[in-house]
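Asks: just the structure for this:
(2 chains)
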2 protein chains.
Amino acid sequence: MSNNRTVLMVKRLRALQASTQDVESSAVVSVDGLIIASSLPSGVEEDRVSAMSAAMLSLGERISGELGRGTLSEVYIHGSDGYVLLVSVGQDAVLTVLARQQAKLGLIFLEMRRAAEDLLELVG
Amino acid sequence: MSNNRTVLMVKRLRALQASTQDVESSAVVSVDGLIIASSLPSGVEEDRVSAMSAAMLSLGERISGELGRGTLSEVYIHGSDGYVLLVSVGQDAVLTVLARQQAKLGLIFLEMRRAAEDLLELVG
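Replies: Purely as a prediction, here's the structure:
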């Protein structure tokens, strides 16, 4: 992937984070668990985010298929201190977001789907 | 667990399914992947639902912890043909719901949280 594309993806991730106060970090991860682009604050490890995203995507796809829910499009994990949100970016990548506890999920998913469309053009 | 408790749990699951048209099936599963009570239509296998719920719960807890989101409370998986939704029932069990594609998620999660509170008293 060209360096220019990576720069454009990071720019798009920053725009996503600027669209709502409740997105702490975001990253585009390949289905095999490699970081494609990221906008993570210091203290959040890229490797950890990418490994967890790939594991979640893989299990989510299996569960969606096994329980007759079709092709995976989104996953969310809600913990006592916030959310982990994943939205597919085409077939080969996923957009992962860490959001705060008070996040407005409907708004964040809307912004994530928009970002995923833009990112798909850059990944593809 | 007494037979009477199981009957009450199944009754509570049926009430959950009656509360909205969009819940197809529901089950209470132990964290080790065994069915505690279920209300599944024919064609949905108990073993499959329980195994997938336990796997999801286990990975969800790990991800929530590793990415600083605290204790797991809810998971959703959105596929092209519907949703799989999980809500914790105390520390030892989870309420799993399969919902249709057109489901109103906010309503279903509200009903699931109410059901989880009632079920916790029966599991406990």
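Asks: surely A:S80 is in contact with B:G68?
Replies: No: the pair A:S80 / B:G68 is not scored as a contact, 10.8 Å apart, by C-beta atoms under 8 Å. (Glycine included, C-beta is placed from N, CA and C.)
Asks: which one's more surrounded, those two?
Replies: Ranked by neighbour count (other C-beta atoms under 10 Å in any protein chain shown), A:S80 and B:G68 place B:G68 first, with 16 against 11.
Asks: quick one: the helices in chain A?
Replies: Under the criterion DSSP state H, chain A contains helices at A:3-19, A:46-66, A:105-123.
Asks: next, format those as TSV and append mean neighbour count, distance to B:V75 and mean pLDDT.
Replies: Listed next are the helices of chain A as TSV, based on neighbours: other C-beta atoms under 10 Å in any protein chain shown; distance: least, C-beta to C-beta, whole Å; pLDDT from 0 to 100:
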stretch	mean neighbour count	distance to B:V75	mean pLDDT
helix A:3-19	16	22	94
helix A:46-66	19	9	94
helix A:105-123	18	13	95
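Asks: out of the ones you listed, which comes closest to B:S39?
Replies: helix A:46-66 (18.9 Å; C-beta to C-beta).
Asks: ok, and does that closest one reach over to chain B?
Replies: Yes: for helix A:46-66 and chain B, the contact criterion (C-beta under 8 Å from any C-beta of the partner chain) is met by A:R48, A:V49, A:M52, A:A55, A:M56, A:L59, A:G60, A:R62, A:I63, A:S64, A:G65, A:E66.
Asks: any idea how far that helix is from the chain center?
Replies: Here helix A:46-66 shows a centroid-to-chain-centroid distance of 11 Å under the convention C-alpha atoms, centre = their mean, to the nearest Å.
Asks: right, I'll leave it there.
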